[in-house]
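> I'd like to go over a predicted model; first the sequence, then the structure.
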Amino acid sequence: MTIQMRNAVLLLLIFFSAGNKMFAQAGKSSYVCKDVVGNYYNKWSLVNDVKSLKLPAQNGSMKLPKAYNVFVVSSSQLDKHLAELRTKGGTLQLPVPDADNKDGFDCAIFKMENSGTMSAELNAKYPQLVSLKGTSTQNKNNTIRYDYDGTSQKISIIWNGINYLYTPYKSKNKTYYLVFKKTDAISTSRPKNY
């Protein structure tokens, strides 16, 4: 076996043994959580150099929280997967705070179901709107509320007794997701849906 071939095999072994954690070469972001089922995926990449984004201090009525982390999310077939979760239930993986992890986050699995906030008639009329609720598969005291409007995800997770918000924040035609403790919000009004 040549050295190049041995190195390629070694890299593949490292890649596949990493599980949900894959780290980007540039050091700008690292994949903390990657939810994949068939053609569906929802990848949450933690931005390591938040200052380089130069986020505006305010986005609409929402101001940047006192403390927060920033994620970039890429998705495929998200609408279809969420519609299935709304009708049949299932699981969803998302990053959650983890002080023991060097990045401060780990990936958790939530058992999801329809939240029941929309009637069947409204669900049929607005299929792009999805409202789910769920619990962690590891600890039923860790809960989630998940809303999707066809373009952005709005999430509230109670993790180990602390309420974390996952809120879209637009800057320069790009949507970032701020993850922060609800108590760190300094907006003039509460983020919608929470």
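Looks like it arrived, so ask away.
> Just name the shakiest helix or strand of this structure by mean pLDDT.
strand 22-23 (a mean of 33; mean pLDDT, DSSP states H and E).
> just checking, next helix/strand downstream of that one?
Later in the chain than strand 22-23, the nearest helix or strand by DSSP states H and E is strand 29-37.
> So for that next one, mean pLDDT?
Averaging pLDDT along strand 29-37 yields 82.
> centre of the chain versus it, how much separation?
Offset of strand 29-37 from its chain centre (Cα atoms, centre = their mean, to the nearest Å): 9 Å.
> That one pairs with which strands, parallel or anti?
strand 22-23 (antiparallel), strand 40-47 (antiparallel) (DSSP bridges).
> Point out the one among these that comes closest to residue 123.
Across these, the minimum distance to residue 123, taken as Cβ to Cβ, is reached by strand 40-47, at 19.5 Å. C-beta: built from backbone N, CA, C; applies to glycine.
> elements contacting the helix or strand that that closest one is followed by?
The helix or strand immediately downstream of strand 40-47 is strand 58-59, counting by DSSP H and E. Packing partners of strand 58-59 (3 or more Cβ pairs under 8 Å, 6 or more residues apart in numbering; DSSP states H and E): strand 162-171.
> Tell me which residues are up against the strand it packs on.
Applying Cβ atoms under 8 Å, 6 or more residues apart in numbering, the contact partners of strand 162-171 are 53-56, 59, 62, 64, 70-71, 94, 96-97, 152-158, 175-183, 185, 191, 194.
> Strands of the protein, residue ranges please.
Ranges of strands in the chain, per DSSP state E, are 22-23, 29-37, 40-47, 58-59, 62-63, 69-76, 90-97, 105-114, 130-136, 143-148, 153-159, 162-171, 174-181.
> Thank you kindly, that will do.
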